[in-house]
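Novice: Sharing a sequence plus its predicted fold:
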Amino acid sequence: MARTEFLAVDNGTIAYEVAGSGPLIVLAHGMGDSRAAYRALIPPLVAAGHRVAAVDLRGCGESSTDWPAWSRTALAGDLLAVIRHLGGPAVLVGHSISGGAATIAAARKPSLVTSVVELAPFTRKQSIRLGDLRVKRFRRAMPRLIGAGVLGSVPLWRSYLDVAYPGAKPADWAERLGRVDALLREPGRMKALRGMGGSAPTDAGERLGDVRCPVLVVMGTLDPDWADPHAEGTAVVEALPAGLGRLEMIEGAGHYPHDQFPDQVVSLMLAFLRPDTARA
C-alpha cells in the first residue's frame, strides 16, 4: 500500500493514497469498508497510464471519525475536495453509497469530473416489492444488511459480506475480512457504517438528470442488494440525460464486482475511458 496522505476538510480529515502518473482517477469505496477495497484495481490502472487516488471515506479507514453528516451529498463534498487538491479534473469511481456521491459530485462540479464509474451504486430512491422476497439471495442479504446497520453488529456485517460475495472469494479473503472486522471495531467506525446505512439515496437520485459527463454503471448479476440488479442499473442509466449512461453486467458477481472480478472491471473501465468510446 502506498503512503497515506491526509487532507483537512470541514469537520475532519480525509485519508488517501496516490500512485502512478497520468490522467487522474479517484476511487471511493462503499460503507463499512476502506480504500483497501480497490487493492486489485490500482496496479492495472497505474500500469495503463493513470494517476490513481484511493480515498478513505469520512469515518472509514484512516480518515477521522467525528463527522456531523453521512449523506451522499456530504461524501460528494469530500471527494470534490480531494480532486481539487490533487489538481483535477478526474474520473470519479464510486462503489455502492459512493456511486450516489459520485453522481452528486459530477452534477455539482462538471469542471472537476470528466467521467463517472458507478459500481453497484445506490443512486436512486429504493423500495422493496413483495415479489422481491421470492429471490433467495435478496432474502438472505437484507436481514444481515439491515441488522448490521440497526444493531451495529460486526458479526452481522461479516455475515452480509459472505452473501455479498457469491461464489469464489478473492484469494486474500481471510485477510480482507480480518481487516474489515478490525477497522469496524475501532472507536467511531461502526457509527460511520450506521450513519451511511441510514442515509437515503434520494439526494443522489435528484441529481441524476443534472450530470453532464459519461457514466458507466457496472452491476453483478448476483448482487444480493437487489432482487433484479439489471433493472436497477437500467433505471440509473435511464434517469441520466439521454446518451450519457451505459450499463454493463458482470456474470456471477455480487455487490463487490471490483473485488471479485477486478480484471473484468478494469477492462470495462479502460474501454469506457478511451476517447473514441467514452462518448459514443
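Specialist: On my side now, so go ahead.

Novice: Give me the below-cutoff pLDDT ranges for the stretch 1-150 of the chain.
Specialist: 1 (pLDDT under 70).

Novice: wait, what's in contact with the residue most central in space within the chain?
Specialist: Centroid check for the chain by CA atoms, centre = their mean gives H95 as the closest residue, at 1.3 Å. Counting by CB atoms under 8 Å, 6 or more residues apart in numbering, H95 touches 28-30, 33, 37, 119-121, 256, 258. The way it works is simple: take the backbone N, C-alpha and C, and place the C-beta from them, glycine included.

Novice: What ranges does the stretch 1-150 of the chain have for its strands?
Specialist: Applying DSSP state E, counting those that start in this stretch to the stretch 1-150 of the chain gives strands spanning 5-9, 12-19, 24-28, 51-55, 90-95, 113-119.

Novice: picking up where we left off before, distance of the residue nearest to the centre of the chain relative to S71?
Specialist: Between H95 and S71 the computed distance is 17 Å (CB to CB, to the nearest Å).

Novice: now D10
Specialist: In terms of CB to CB, D10 sits 14 Å off from S71.

Novice: More neighbours: which of those two?
Specialist: More neighbours surround S71 than the other of D10 and S71, with 21 against 10 (other CB atoms under 10 Å).

Novice: okay, the strands of the stretch 1-150 of the chain, which one's buried deepest?
Specialist: Among the strands of the stretch 1-150 of the chain, strand 90-95 has the highest mean neighbour count (mean count of other CB atoms under 10 Å), at a mean of 30.

Novice: could you give the angle of that one to strand 113-119?
Specialist: Counting by axes from the mean of the first three to the mean of the last three CA atoms, to 10 degrees, strand 90-95 lies at 20 degrees to strand 113-119.

Novice: Can you give the strand pairings for strand 90-95, parallel or anti for each?
Specialist: Partners of strand 90-95 in the sheet, by DSSP bridges, are strand 24-28 (parallel), strand 113-119 (parallel).

Novice: Run the chain-centre distance for it.
Specialist: Here the centre of strand 90-95 is set off from its chain's centre by 8 Å, with CA atoms, centre = their mean, to the nearest Å.

Novice: re earlier: now, the contacts of H95 that are in helices?
Specialist: Per DSSP state H, helices hold the following members of those: H258.
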